[in-house]
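J.: The sequence and its predicted three-dimensional model are supplied below.
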There are 2 protein chains.
Amino acid sequence: MNRPRLDDRLADLEADGYLIDASQEDANQLYLSGFTGPDPFLTLYADGEVHVLVSGLEYGRATAEATADTVERHADYGYEYGGREARNDMYAEFVRDKGVDSVSMPPRGPVGTADALRDRGIDVAVDTDDRLREVRAVKTDEEIDAIREAQRANEAAMRAAEELIAGADVAGEDAEVGDAEPGVLLHEGEPLTSERVAEEIEVTLLRHGCALDETIVAGGAQAADPHDRGSGPLRANEAIIVDIFPRSKATKYNADMTRTFCVGEPSEALREWYELTGRALDAALDAVEPGATGEDVHAAACEVYEEAGEPTFRTDPETETGFIHSTGHGIGLDVHESPRLANGGEALEPGHVITVEPGLYDPEVGGVRIEDLVVVTEDGHENLTDYPIRFAAE
Amino acid sequence: MNRPRLDDRLADLEADGYLIDASQEDANQLYLSGFTGPDPFLTLYADGEVHVLVSGLEYGRATAEATADTVERHADYGYEYGGREARNDMYAEFVRDKGVDSVSMPPRGPVGTADALRDRGIDVAVDTDDRLREVRAVKTDEEIDAIREAQRANEAAMRAAEELIAGADVAGEDAEVGDAEPGVLLHEGEPLTSERVAEEIEVTLLRHGCALDETIVAGGAQAADPHDRGSGPLRANEAIIVDIFPRSKATKYNADMTRTFCVGEPSEALREWYELTGRALDAALDAVEPGATGEDVHAAACEVYEEAGEPTFRTDPETETGFIHSTGHGIGLDVHESPRLANGGEALEPGHVITVEPGLYDPEVGGVRIEDLVVVTEDGHENLTDYPIRFAAE
């Protein structure tokens, strides 16, 4: 945790304290408490100190693990399980015990707790800036190392996926492979599906200490929907997007990388898209430096596409083909966090870890996306990605 | 989704509508919308219809996937990315467009959205009962089948874990295995660790279409903390708790099962605990039927332990040894949901899917827990678990 930055950003709060009620699945909570509690618990920042309140069942683990200054348990406030109202009374007592009569909560904090504290005379304001999210955006060296380590696992998984795709046979008109249509990729005589490649990716990630949320392995028209996870048999001559975003089980930090592969002969259109997207990536990476905004980086990618006549959200906000998403996003404890590389995107600062991921989409052609992971440095950026960029799977 | 039950429970709302602002990670959202959106989106129940509002990027997938009656996109309200206030304006417009001037939100709904709607003249109340949670507690046959299927994957993973443990060698005083202390379990000449067994479990789950959150493989004193996930070498003659709660990637429903194993010679105390816990499990299962409360089932388990002189939260609310957790919990889209098998636990109804999981804990002795997964039926319960209960790993 970047404690000086945290103290600095919370110094001008109009409230006495900053309150989080969430489980470890909330990145603000995990960041501020340092505790991987599976059930919601309270963390209160007040007077420069961080206080955690957990159930008796979590107390032992919380005292060992939390980076907070103090850890208390429900029993310290005389609470056993006694229903909702008694629990809210305990929460108010905990807050007041720290000399706090007014708190700020993140926008996604629970309204039930906010209103219950209000009912008990504690003033609750919404921190619409989501300051902790801003604090989290700038990483310490330790956090960058954690992301770097997750990215190594990511590269091993991408390697496993690429090998599976590159090693596939292609069903021909006369292939002796049951029902497989001509052009379908075959692995050990069976159709090679998105699901099979995703499973290989996920098993590889597990072997490298990473958990996973979703993995995208999408070919053909499926790849033209950037959020389609992909399903069914993969085919030759089509573009196959592989987008992997693993999370380290030890550190909880994420990595993110996309490559697009082809087996056989891509169409002329796909070839052009791949080349264009490589240039858009380079242009965007060149624009990454402190002082540049997320909007500047996005513009650099858009310009490459627009000059080639491809639609973007800048030239047509309603387009459903072309470059139809932002150029990238911050990454850390959340897969998607600040800053945004898009219209309105914030100024980049050293320590921002971001993805840069231009792409082109059209169901008639397919989808192409190439994504690297970089950290903003004092004089530009360092690319944390160590994986070749090539269309033909090897 | 149990639509009649939903309509019934939402019929007496004092508000015009019921609003959820969350991603698919929120079980209420996934249940009501039927959409696996990775970013927060709105779902509004009003006048017996379910309306979903998503970004343009998610629109295609949402129309294909959501079980909602209508799916709209941000552009339908003239919104592109325009910052927080414009987004809140769009949310208010969407709500009003459905004829709704007052909404109820679940307790863990975001305070930022609640306050923003209030600022725009929409009345927001907190549904302190969390009605959707109550609706979700009673499963349809389709939901029960989904849990059953996840439980089959769970059994395959438990089998893989038990085989690894049963097949282990034990390092002796004169063992030629590097640094392994006497008594440490060995797999292929290396110490068998909690992490190694967990990895085997997780890979097996993946091969069976399940994702995973955490897995517990905890031996010796670690097993005495019910939430300790376990780490480092496992040893002979100690109790090893294996607790697996996988989630089907296709259906998103969870299963849950715990077994406790021993290699070698457990102490007399551990033997007694294992036998007692088996009896507590049987007593609790016997108590599961419609009309009985979660408190009744918990009492049945507690009585077995209390008669044997073991402390429970009923005899000593502050005890840190003995039976120090509830007897079980509902399970579905969340691993932990209603009803609770604990003091104050609700009446059981047919269709409730619950875990029954008594256990005993003391760092001086270790930990023993046995957990089955059952569904409450019209005349008792059906045990969804198909895995032997035996202390000696085979």
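T.: Received, thanks.
J.: For A:Ala92, see how far away A:Glu195 is.
T.: Plainly put, A:Glu195 is 49 Å away from A:Ala92 if you go by C-beta to C-beta, to the nearest Å. Every residue, glycine included, has its C-beta placed from N, CA and C.
J.: Right, and chain B sits closest to which residue of the stretch 251-394 of chain A?
T.: Using C-beta to the nearest C-beta, the closest approach of the stretch 251-394 of chain A to chain B is made by A:Pro317 at 5.4 Å.
J.: Confirm that residue sits in a helix?
T.: No: counting by DSSP: H, G, I helix; E, B strand; the rest coil, A:Pro317 is not part of a helix but coil.
J.: For it, the count of nearby residues, please.
T.: A:Pro317: 12 surrounding residues under other C-beta atoms under 10 Å in any protein chain shown.
J.: Could you grab the helix/strand/coil label for the closest residue to it other than its chain neighbours?
T.: Spatially, and ignoring its direct neighbours in sequence, A:Pro317 is nearest to B:Glu80 (5.4 Å; C-beta to C-beta, 6 or more residues apart in numbering or on different chains). Of the three states, B:Glu80 takes coil under three-state DSSP.
J.: what's around B:Glu80, how many residues?
T.: 13.
J.: for A:Asp169, same thing?
T.: For A:Asp169, the tally of surrounding residues (other C-beta under 10 Å) stands at 17.
J.: any idea how far it is from A:Met158?
T.: Counting by C-beta to C-beta, the gap from A:Asp169 to A:Met158 is 21 Å.
J.: Could I get the phi/psi values of A:Ile370?
T.: Dihedral pair for A:Ile370: phi -130, psi 130, per degrees, to the nearest 10.
J.: contacting residues for the most centrally placed residue in chain A?
T.: Nearest to the mean C-alpha position of chain A, by C-alpha atoms, centre = their mean, lies A:Val335 at 1.0 Å. Listed by C-beta atoms under 8 Å, 6 or more residues apart in numbering or on different chains, the contact set of A:Val335 reads A:213, A:245, A:247, A:254, A:256.
J.: and with 10 Å instead?
T.: A:27, A:213-214, A:245-247, A:254-256, A:329, A:355, B:38 (C-beta atoms under 10 Å, 6 or more residues apart in numbering or on different chains).
J.: same check, this time on A:Asn28
T.: Per C-beta under 10 Å, 6+ apart, neighbours of A:Asn28: A:18, A:20, A:22, A:43, A:105-106, A:108-109, A:127, A:130-133, A:135-136, A:333-334.
J.: Give me the nearest residue to it, chain neighbours excluded.
T.: Of all residues beyond its chain neighbours, the one nearest A:Asn28 is A:Leu132 (4.2 Å), with distances taken as C-beta to C-beta, 6+ apart.
J.: so who does the one you found touch?
T.: A:6, A:9-10, A:18, A:20, A:26-29, A:31-32, A:45, A:106.
J.: Quick one: mean pLDDT for stretch A:42-59?
T.: In this model, stretch A:42-59 has an average pLDDT of 94.
J.: no no, stretch A:86-96
T.: 97.
J.: Check which helix or strand A:Ala301 maps to.
T.: helix A:294-307 (DSSP states H and E).
J.: Next: A:Asp372.
T.: Per DSSP H and E, A:Asp372 falls inside strand A:372-377.
J.: Quick check: which helices or strands does that strand pack against?
T.: helix A:141-166, strand A:257-261, helix A:268-286, strand A:328-330, strand A:353-356, strand A:380-383 (3 or more C-beta pairs under 10 Å, 6 or more residues apart in numbering or on different chains; DSSP states H and E).
J.: quick one, strands of the stretch 1-150 of chain A?
T.: Counting by DSSP state E, counting those that start in this stretch, the stretch 1-150 of chain A has strands at residues A:17-22, A:41-46, A:49-54, A:70-73, A:102-105, A:123-126.
J.: any low-confidence regions in the stretch 201-350 of chain A?
T.: A:213 (pLDDT under 70).
J.: What residues does it have near chain B?
T.: Proximity of the stretch 201-350 of chain A to chain B, by C-beta under 10 Å from any C-beta of the partner chain, involves residues A:201-203, A:205-207, A:209, A:211-214, A:224-229, A:249-250, A:313, A:317-320, A:324-326, A:335-336, A:340, A:342-345.
J.: 6 Å instead, please
T.: Within the stretch 201-350 of chain A, the positions adjacent to chain B are A:202-203, A:206, A:225, A:227, A:317 by C-beta under 6 Å from any C-beta of the partner chain.
J.: beta partners of the nearest residue to A:Ala239 once chain neighbours are set aside?
T.: Using C-beta to C-beta, 6+ apart and skipping residues adjacent in sequence, the residue nearest A:Ala239 is A:Gly366, 4.3 Å away. Here A:Gly366 sits in beta bridges with A:Asp362, going by DSSP bridges.
J.: what sits against A:Gly366?
T.: A:220, A:223-224, A:238-239 (C-beta atoms under 6 Å, 6 or more residues apart in numbering or on different chains).
J.: Provide the secondary structure category for A:Arg390.
T.: coil.
J.: Around it, how many other residues sit close by?
T.: So A:Arg390, with other C-beta under 10 Å, has 14 neighbours.
J.: Kindly report the same for A:Gly367.
T.: Number of residues near A:Gly367 (other C-beta under 10 Å) recorded here: 28.
J.: about what we covered before: and the buried ones among the contacts of A:Leu132, selectable in ChimeraX?
T.: In ChimeraX, this line selects whichever of those come out buried by 16 or more other C-beta atoms under 10 Å in any protein chain shown:
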select /A:6,9,10,18,20,26,27,28,29,31,32,45,106
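J.: Hmm, A:His208 is touching A:Asn154, no?
T.: No: A:His208 is beyond contact range of A:Asn154, at 8.6 Å (criterion: C-beta atoms under 6 Å).
J.: So between these two, which is more surrounded?
T.: A:Asn154 (28 against 18).
J.: List the contacts of the more buried one.
T.: A:244, A:246, A:255, A:257.
J.: With A:Gln222 instead?
T.: A:228, A:230.
J.: Tell me how far it lies from A:Ala239.
T.: 10 Å.
J.: same check, this time on A:Glu195
T.: 18 Å.
J.: Those two: who's more crowded?
T.: Higher neighbour count among A:Glu195 and A:Ala239: A:Ala239, with 26 against 18, using other C-beta under 10 Å.
J.: Please report how far that one lies from A:Asp334.
T.: Distance from A:Ala239 to A:Asp334, by C-beta to C-beta: 28 Å.
J.: Looks like A:Ala223 contacts A:Arg369 (just checking).
T.: No: assessed by C-beta under 6 Å, A:Ala223 is found out of contact with A:Arg369, at 8.1 Å.
J.: Give me the common contacts of those two.
T.: With C-beta under 6 Å, 6+ apart, A:Ala223 and A:Arg369 have common neighbours A:Ile241.
J.: which of these two has more neighbours?
T.: Between A:Ala223 and A:Arg369, A:Ala223 has the larger neighbour count (other C-beta under 10 Å), namely 28 against 25.
J.: and the strand holding A:Asp372, how far from the chain's centre?
T.: 14 Å (C-alpha atoms, centre = their mean, to the nearest Å).
J.: out of the contacts of A:Asn28, which are buried?
T.: Buried residues within those, counting neighbours by 16+ other C-beta under 10 Å: A:18, A:20, A:22, A:43, A:105-106, A:108-109, A:127, A:130-133, A:135-136, A:333-334.
J.: give me every residue that touches A:Ala114.
T.: By C-beta under 6 Å, 6+ apart, the contact set of A:Ala114 is A:105, A:124, B:111.
J.: in the sheet, who's paired with the first one?
T.: Pointing back at A:Met105 there. Applying DSSP bridges, one finds that A:Met105 bridges with A:Val126.
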